[in-house]
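Student: Return atomic coordinates for the entry below.
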Amino acid sequence: MINRTIKQVSKMIKAENDLSRFSEIRIEGVCIDSRKVQPGNLYIPLKGRFSDGHQYVEAAINAGASAALWQIDVPNPPEGMPIIMVEDALAALQQLAKSYRDELSIKVVGVTGSNGKTTTKDMVASVLKEKYKVQKTEGNFNNHQGLPLTILSLEEDTQVAVLEMGMSARGEIEFLTKLACPDIAIITNIGEAHLQDLGSREAIAEAKFEIIQGLSEKGLLVYLGDEPLLNQLLRSAQNFRVKTFGKNESNDLYPVSIRQEGHGSIYRVNGIEGNFHIPVLGEYNVLNSLAAIHTALELDLSLEQIQKGLNSMKLTAMRMEMIDGYKGSKIINDAYNASPTSTKAAIRMMEGLDGEKNKILVLGDMLELGEDEKDYHKQVGREIDPEKINYIFTFGELARHITEEARHLFPEGHAEAFMDKGELVKKLKSIVKEDDYILIKASRGMKLEEVVNSILADQKQ
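Tutor: Predicted coordinates for the structure are as follows:
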């Protein structure tokens, strides 16, 4: 993490006051939550919708913070304490992160995309750890506050940082990529997330493509070559090298074969000898791993290191997380987020699983899809194959449209809509048998992990 004197930090963020009496005090790490301050931290008081961090500055310093920022437009700064006056606390946090990143001798991998960016980040980090000291974005620290905090948490001797970049509007990825200055940029795909804000897939593609704005001249862009929108954007921007991945044989890397087995996927890649294994199901996860392979080859990892890194990867919770469930069933917890693209891909994965046991879909609302949200849900329902899926249960007003479209294809009682999670759990418990697969997927706001937790709690009783 950042370790600098107050004098050095003051220069990095252009402090507005004289700090000569505190100049040699050392700052180790930063914190924006006064309840989580560690000794030596720089406390950064941010203004939120319902609270202002400035009211906790004295408490943070008394808890061990070496110093704190203070916005010059906020009255009554504490006297006699190491207070660094700045014009804007959030802007100072971002500037401090940019200055620190520029001082580090480090390779940066930036990851964005509509779906799969967290999984891809996890894959890339797992592989690169076979050769380098690696740090990655933790949790959802991927926005205008989280990314600076992630950068400031980097150790001086870290060799590679794998940074996830999220967005909800145009210009946000451009800001983040110019802050992080990636040497390698990855775009996983273009989906429908943020249609409500951006209006079209074309606009989403343009927003994700902003990641090239911070890419170094000798940098590498790795992207899903199956996406026409990205191919079109690439024609007008070629100041960097490019590698593609995808299903089509026109890509630099593509899977020659894929086999789903138990808790993972085994597959072969064009031009590379031997099998790869990832401990997660789904063709789309295999494709994401190709981006990790591109990155590893760019950074001179051996084939053996790449295979070992992919095989040992651990996913962030609620991203295709395989859990031993009720009565010996297998729960695939993918409840962190959902869009039409990722939901259809998850359903295809379930349809492709071998075996005679039941395959059960539990789907919740897909949010932020704009005025056509009902049609997107209906389309998902129409594309579920009753020959390959045994049950479809939904939760939420929008997800109800999935069931309505699918119901006429399924036997009575095999496609039902619920508005109560308790009733949904009761139904699941009444039908599930040993070795059944249950997919749980919805947008974050639906909190379908509560269904998973309820099932697991009942199993322990």
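Student: model confidence over stretch 423-443, on average?
Tutor: Mean pLDDT, stretch 423-443: 93.
Student: And it, what's buried?
Tutor: 424-425, 427-428, 432, 436-443 (16 or more other C-beta atoms under 10 Å). Every C-beta, even on glycine, is put in place using the N, C-alpha and C of the backbone.
Student: Take those and keep only those in helices.
Tutor: In this view, the buried residues of stretch 423-443 that belong to helices under DSSP state H are 424, 425, 427, 428.
Student: okay if I get those residues as CSV plus distance to residue 161?
Tutor: Below are these laid out as CSV (distance: C-beta to C-beta, whole Å):
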residue, distance to residue 161
424, 41
425, 41
427, 45
428, 41
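Student: Tell me the buried residues in stretch 7-21?
Tutor: Neighbour-count burial for stretch 7-21 flags 8, 9, 10, 12, 13, 15, 19 (criterion: 16+ other C-beta under 10 Å).
Student: do stretch 25-43 as well
Tutor: Quick answer for stretch 25-43 (16+ other C-beta under 10 Å): 27, 29, 30, 31, 32, 34, 37, 40, 41, 42, 43.
Student: who touches it?
Tutor: With C-beta atoms under 8 Å, 6 or more residues apart in numbering as the test, stretch 25-43 has contacts from 1-6, 9, 44-46, 53, 56-57, 59-61, 63-69, 82, 84, 93, 96, 145, 149, 152-153.
Student: now with 7 Å?
Tutor: By C-beta atoms under 7 Å, 6 or more residues apart in numbering, the residues outside stretch 25-43 that reach it are 1-6, 9, 44, 46, 53, 56-57, 59-60, 63-68, 82, 149, 152-153.
Student: give me the beta-bridge partners of the nearest residue to residue 68 once chain neighbours are set aside?
Tutor: In space, and not counting its chain neighbours, residue 68 is closest to residue 43: 4.1 Å by C-beta to C-beta, 6 or more residues apart in numbering. Beta-bridge partners for residue 43, by DSSP bridges, are residue 31, residue 68.
Student: how distant is the helix or strand where residue 345 lies from the center of its chain?
Tutor: Using DSSP states H and E, residue 345 maps to helix 340-351. Remark: helix 340-351 is offset 18 Å from the chain centroid, using C-alpha atoms, centre = their mean, to the nearest Å.
Student: re the thing from before, from the buried residues of stretch 25-43, which one has the minimum pLDDT?
Tutor: Out of the buried residues of stretch 25-43, that is residue 34, at 93.
Student: name the helices or strands packed onto the helix or strand where residue 163 lies?
Tutor: Element membership of residue 163, judged by DSSP H and E, is strand 160-164. Counting contacts by 3 or more C-beta pairs under 7 Å, 6 or more residues apart in numbering; DSSP states H and E, strand 160-164 packs against strand 107-112, helix 117-128, strand 134-136.
Student: Break this structure down into its domains, please.
Tutor: 3-86, 104-311, 321-460 (automatic domain parsing).
Student: Show the end-to-end separation of stretch 36-54, please.
Tutor: Stretch 36-54 has an end-to-end distance of 15 Å (criterion: C-alpha to C-alpha, to the nearest Å).
Student: could you list every residue that touches residue 78?
Tutor: By C-beta under 7 Å, 6+ apart, the contact list for residue 78 reads 57, 58.
Student: same thing with residue 391?
Tutor: Counting by C-beta under 7 Å, 6+ apart, residue 391 has contacts 358, 360, 361, 414, 431.
Student: returning to that earlier point: name the nearest of the buried residues of stretch 7-21 relative to residue 261.
Tutor: Residue 261 has its nearest neighbour among the buried residues of stretch 7-21 in residue 12, at 50.9 Å by C-beta to C-beta.
Student: sec struct for the closest one, please.
Tutor: Using DSSP: H, G, I helix; E, B strand; the rest coil, the structure places residue 12 in helix.
Student: For it, which non-adjacent residue is spatially closest?
Tutor: Excluding its sequence neighbours, the residue lying closest to residue 12 (C-beta to C-beta, 6+ apart) is residue 99, at 4.0 Å.
Student: Double-check that neighbour against residue 14; I have them as touching.
Tutor: No - contact criterion C-beta atoms under 7 Å: residue 99 and residue 14 do not qualify, at 9.9 Å.
Student: Give me the most central residue, the chain.
Tutor: residue 118 (2.9 Å; C-alpha atoms, centre = their mean).
Student: which residue ranges form the strands in the stretch 101-250 of the chain?
Tutor: For the stretch 101-250 of the chain, the strands defined by DSSP state E, counting those that start in this stretch cover 107-112, 134-136, 160-164, 184-187, 220-224, 241-245.
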